[in-house]
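Enquirer: build me a model from this:
(chains A and B)
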Number of protein chains: 2
Amino acid sequence: MDTANKVDEAAKRMNFQLKVIGIPKTIDNDLVFTDHCPGFASAAKYLAISVMEAGRHLESLYHSERVVILETLGRNTGWLAGSCALAKRSKEDAPHLIYFPEIPFSLDNFIEDVKEVYHKIGRVFIVVSEGLRDERGNYVCVRKDRVSTDAFGHPELEGISGYLKELVESRLKLKTRTIKPDICQQSAVHFTSQVDMEEAYLLGKEAVKLALEGKSGYMITIKRGKGKVYERRISAARLSLVANMEKRVPLRWINKKGNFVTKQFIDYIRPLIQGEVDIPIQNGLPCYPRLEKRKILIYSSSRYSKVSSPKKPLSNTKK
Amino acid sequence: MDTANKVDEAAKRMNFQLKVIGIPKTIDNDLVFTDHCPGFASAAKYLAISVMEAGRHLESLYHSERVVILETLGRNTGWLAGSCALAKRSKEDAPHLIYFPEIPFSLDNFIEDVKEVYHKIGRVFIVVSEGLRDERGNYVCVRKDRVSTDAFGHPELEGISGYLKELVESRLKLKTRTIKPDICQQSAVHFTSQVDMEEAYLLGKEAVKLALEGKSGYMITIKRGKGKVYERRISAARLSLVANMEKRVPLRWINKKGNFVTKQFIDYIRPLIQGEVDIPIQNGLPCYPRLEKRKILIYSSSRYSKVSSPKKPLSNTKK
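Expert: Numbering: from 1, shown residues only, chains lettered A, B, ... in the order given. Got it, this is the predicted structure:
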């Protein structure tokens, strides 16, 4: 949205007749002024199913691992980690503990939490957000080598699940497995939320409408009704207000111990994961379309110039 | 199967009227005398879909990661890693490289392979089996601390994807992501293969039949017809012959460079992943049944006695 805002401002400065409408789209769900972002609910659904399934598997591992740590994306916000709570229908169901970037992470409290759950039910399924921070606001795990910043210059996080696994194994002598779905949670479309899919199309259409009305410099937003039944209306917010802002999980949606969500979080996410979407299947596997390469505008990156560029570079073409 | 064999032999020695029939069940697909094992095809399907989806995501990461490494289970055999090849329908599709425990792994060859694919298509999707070994037969990555053996005393493997990521980043300066589905590939049932599901039930029934016929000390097996259309018949093999044997991927099913499967592997796995299975959904998520705890026979493990045992220990009860 910051980039969209800059493009809008540049176009206005140059008096260039460009209409810029931002369409929220992030599984991180961290954009302000919108109730939620398309993509988030499907990622949440995928993660919740993964936790349900891996949680049942953990129940069967009587003689080996007693602890599983699943690491979700979310460098600064715990929306995805918190969504895993959807998997829990009874006390013994996974997940048992969830940790959020919004809550300062204490290794000692963590170990106490794990011990407590283990003593109660004999196994512990833990969900951690990749971006856990300590009391001073520093990431618990961060890499410091030279290839470790992303396209926006953010430092690369790595290994929180591996780090905590070693901690649990050395401090509690409990064998631990780690799961890192990584970009699978971003890209999985074989079991998406119907509500999410509908809203993704809806917001795209509304963005085009707004542009056709001559508006520019806005992001399309979803406003939620106050009632118990899920209702939405489409609105818009100025890009300049959205850019570089970050919506965190409200602290009242996280329990007092900082290790699980409250009912409010579940009430928020539940309506968004409803319904399934049929996908075309061919020969036992999904059919995902690919736009023809010639029709896609591709920028070549100079960051990897040390390795010589592809033999057949993907060419920029007219739109 | 080794355990089943030992129970059978002990019962025979004691003249105890117990019938022992092994039912093959392993996503590792490494049992001998059977064409394949229930569970394998569904795990293969899950992995292939994950590679399809994450592969498309990699295509969209023009400015950041150019390499993805997905780590599959399989300590000694590459059945699961090889199955990921199902995701590839065109040259540009992921996966581009697959590495097997059956083929001695050379870091230098690996780096050359990655470089070659990167120069050709500008991105590299790699699948590695957790149990890669070097020329001398030693695991490339193995932990040596005290909690790191599994229930059967096997050493714990860890971190091959993380290890190779660091190698690619330091040697080729290409940013790399890793995916570790871990027990999700073992437990995912939201998109299983219908053929696999049918065979799982079938083999259970056939095992009961065999026991009712008074047979003991056998494992149920699947024999495949020689024709082009998939046909199976049910047979049985002596447990003593199956125990502790391991079926590896035939070397002629792996290409000469040792970095992908041949058509024979695909022809083998393709019929097994056909069809989908509807699962009951409630409130946007699957409903997975849980047998009542009181009715399940549970052995308590002494290996974790250093951490005091659960407050409410799961009790052994009569069946």
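
Enquirer: buried sites along the strand or helix carrying residue A:205?
Expert: Residue A:205 belongs to helix A:194-212 when elements are defined using DSSP states H and E. The neighbour-count check on helix A:194-212 (16 or more other Cβ atoms under 10 Å in any protein chain shown) flags A:194, A:195, A:196, A:197, A:199, A:200, A:203, A:206, A:207, A:210 as buried. Placement of C-beta: from N, CA and C, glycine included.

Enquirer: so where's the stretch 201-319 of chain A shaky on pLDDT?
Expert: For the stretch 201-319 of chain A, applying pLDDT under 70 flags the ranges A:292-319.

Enquirer: what segments of it are strands?
Expert: A:218-224, A:232-238, A:281-282, A:285-286 (DSSP state E, counting those that start in this stretch).

Enquirer: just name the most buried of those.
Expert: Highest mean neighbour count of these: strand A:218-224, a mean of 21 (counted as mean count of other Cβ atoms under 10 Å in any protein chain shown).

Enquirer: what's in contact with it?
Expert: Residues from elsewhere that reach strand A:218-224, judged by Cβ atoms under 8 Å, 6 or more residues apart in numbering or on different chains: A:1, A:4, A:21-24, A:31, A:33-36, A:199, A:203, A:206-207, A:210, A:230-239, A:242.

Enquirer: same check on stretch A:228-240?
Expert: Contacts for stretch A:228-240 (Cβ under 8 Å, 6+ apart): A:1, A:4-5, A:8-9, A:20-22, A:32-35, A:195, A:199, A:202-203, A:206, A:210, A:215, A:217-225, A:271-272.

Enquirer: at 7 Å what do you get?
Expert: Stretch A:228-240 has contacts (Cβ atoms under 7 Å, 6 or more residues apart in numbering or on different chains) with A:1, A:4-5, A:8, A:22, A:33, A:206, A:210, A:217-225, A:271.

Enquirer: ok so, going back, out of the buried residues of helix A:194-212, which one sits closest to residue A:129?
Expert: Nearest to residue A:129 out of these is residue A:196 (Cβ to Cβ; 20.3 Å).

Enquirer: next up, the contacts around the closest residue in space to that closest one that isn't next to it in sequence.
Expert: Leaving aside its sequence neighbours, residue A:196 sits nearest to residue A:41 (Cβ to Cβ, 6 or more residues apart in numbering or on different chains; 3.8 Å). Residues counted as contacts of residue A:41 (Cβ under 7 Å, 6+ apart) are A:193, A:195, A:196, A:272, A:273.

Enquirer: rerun at 8 Å
Expert: Residues in contact with residue A:41 (Cβ under 8 Å, 6+ apart) are A:193, A:195, A:196, A:269, A:272, A:273.

Enquirer: reformat those residues as CSV; add distance to residue A:70.
Expert: Putting the contacts of residue A:41 into CSV (distance: Cβ to Cβ, whole Å) gives the following:
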residue, distance to residue A:70
A:193, 20
A:195, 24
A:196, 21
A:269, 17
A:272, 20
A:273, 17
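
Enquirer: looking at those, spot the one nearest chain B.
Expert: Checking those against chain B by Cβ to the nearest Cβ gives residue A:273 as the nearest, at 4.1 Å.

Enquirer: you'd agree that closest one is up against residue A:194?
Expert: No. Using Cβ atoms under 8 Å, residue A:273 is not in contact with residue A:194, being 9.1 Å away.

Enquirer: run a quick neighbour tally on residue A:101.
Expert: Using other Cβ atoms under 10 Å in any protein chain shown, the number of residues around residue A:101 comes to 25.

Enquirer: for it, give its distance to residue A:164.
Expert: 14 Å (Cβ to Cβ, to the nearest Å).

Enquirer: likewise for residue A:192?
Expert: Using Cβ to Cβ, one obtains 30 Å as the distance from residue A:192 to residue A:164.

Enquirer: what about those two, which has more around it?
Expert: Higher neighbour count among residue A:192 and residue A:164: residue A:164, with 26 against 21, using other Cβ under 10 Å.

Enquirer: so the more buried one: helix, strand or coil?
Expert: Look at residue A:164: counting by DSSP: H, G, I helix; E, B strand; the rest coil, its state is helix.

Enquirer: measure it to chain B for me?
Expert: Residue A:164 is 14 Å from chain B, where distance means Cβ to the nearest Cβ, to the nearest Å.

Enquirer: could you pull out the strands for the stretch 1-150 of chain A?
Expert: In the stretch 1-150 of chain A, the strands defined using DSSP E, counting those that start in this stretch lie at A:21-22, A:67-72, A:97-99, A:124-129.

Enquirer: need those strands in a markdown table (columns: mean pLDDT).
Expert: Listed next are the strands of the stretch 1-150 of chain A as a markdown table, based on pLDDT from 0 to 100:
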| stretch | mean pLDDT |
| --- | --- |
| strand A:21-22 | 98 |
| strand A:67-72 | 98 |
| strand A:97-99 | 98 |
| strand A:124-129 | 98 |
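
Enquirer: any chance of those strands in JSON lines, with mean neighbour count and distance to residue B:248 too?
Expert: What follows is the strands of the stretch 1-150 of chain A, written out as JSON lines (neighbours: other Cβ atoms under 10 Å in any protein chain shown; distance: least, Cβ to Cβ, whole Å):
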{"stretch": "strand A:21-22", "mean neighbour count": "26", "distance to residue B:248": "53"}
{"stretch": "strand A:67-72", "mean neighbour count": "27", "distance to residue B:248": "29"}
{"stretch": "strand A:97-99", "mean neighbour count": "25", "distance to residue B:248": "39"}
{"stretch": "strand A:124-129", "mean neighbour count": "28", "distance to residue B:248": "33"}
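
Enquirer: next, format those as JSON lines and append distance to residue B:16.
Expert: Below are the strands of the stretch 1-150 of chain A laid out as JSON lines (distance: least, Cβ to Cβ, whole Å):
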{"stretch": "strand A:21-22", "distance to residue B:16": "73"}
{"stretch": "strand A:67-72", "distance to residue B:16": "37"}
{"stretch": "strand A:97-99", "distance to residue B:16": "45"}
{"stretch": "strand A:124-129", "distance to residue B:16": "38"}
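
Enquirer: so which of those strands gets nearest chain B?
Expert: Among those, strand A:67-72 comes nearest to chain B, with 7.0 Å by Cβ to the nearest Cβ.

Enquirer: lovely, talk soon.
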